[in-house]
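Asks: no letters, just coordinates:
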């Protein structure tokens, strides 16, 4: 079974500064997918960034980037130039493998406990 | 392209009653997963359906059940409601994205807030 651990229940950062959220996971799989989701007060889960385990290059999406260390099973999220709108709960999530056309599916997500990020003006 | 639609958005039920929640995935998505979110337990996986078959099930009692229809819409049912079933129930539809698995993403609905009194 896979487990995902976020060791920081709460983080805060000043607007325009950089913050890093930590995530570690445990799996015996070699190919899998990792995600960071953001959940603002509206409760809508929004994908921030994804990383395919077979890709060595760290994923980036504008101000968001990850530090993916496969051997260490670590997947941290860096938010640069933090904005007030980044205030939210952030979840790290693991997916074993995506749905395929062969009739099987492993779209299940295993989530960490979440990190509440507050961006201060 | 319409997103994932969950209905109803809010529900108040009495202990002992049963409830049915609905989820319509994004058109073309065949995988639907359900999650329970509570302050104490966080996000917990309930079950996943693909092509009308349950593929995975989380560690929940048999009072929690679900199904998927031929149009990929899914329902989950909770019978004999308990106070502890009060939670936000999230549905996600997942797509593989490209053939090599890149662009894989789970899209979430806005959830159904269930309150059991």
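Replies: Great, that's in hand. Everything numeric in this text was worked out from a predicted model, so none of it was measured.
Asks: residues contacting residue A:58?
Replies: A:51, A:65-68 (CB atoms under 8 Å, 6 or more residues apart in numbering or on different chains). C-beta coordinates here come from the backbone N, C-alpha and C atoms, glycine included.
Asks: what helix or strand is the residue nearest the centre of chain A on?
Replies: Residue closest to the average C-alpha location in chain A (CA atoms, centre = their mean): residue A:36, at 2.3 Å. Per DSSP states H and E: residue A:36 is located in strand A:33-39.
Asks: quick one on the thing from earlier: the residue nearest to the centre of chain A contacts residue A:49, correct?
Replies: Yes. Judged on CB atoms under 8 Å, residue A:36 makes contact with residue A:49 at a distance of 5.1 Å.
Asks: quick check: which element contains residue B:107?
Replies: Following DSSP H and E, the helix or strand that holds residue B:107 is strand B:105-108.
Asks: could I get the pLDDT score of residue B:98?
Replies: The model reports residue B:98 with a pLDDT of 62.
Asks: excluding its backbone neighbours, what's nearest the most centrally placed residue in chain B?
Replies: When CA atoms, centre = their mean is applied to chain B, the residue found nearest the centroid is residue B:34 (2.8 Å). Distances taken as CB to CB, 6 or more residues apart in numbering or on different chains put residue B:46 closest to residue B:34, at 4.0 Å, once the chain neighbours are dropped.
Asks: tell me what angle the helix or strand that contains that neighbour forms with strand A:33-39.
Replies: Residue B:46 is part of strand B:42-50 when elements are defined by DSSP H and E. On the basis of axes from the mean of the first three to the mean of the last three CA atoms, to 10 degrees, strand B:42-50 is oriented at 120 degrees to strand A:33-39.
Asks: what's strand B:42-50 in contact with?
Replies: A:91, A:99, A:103-105, A:107-114, B:30-38, B:54-60, B:64, B:66-68, B:74, B:76, B:89-90.
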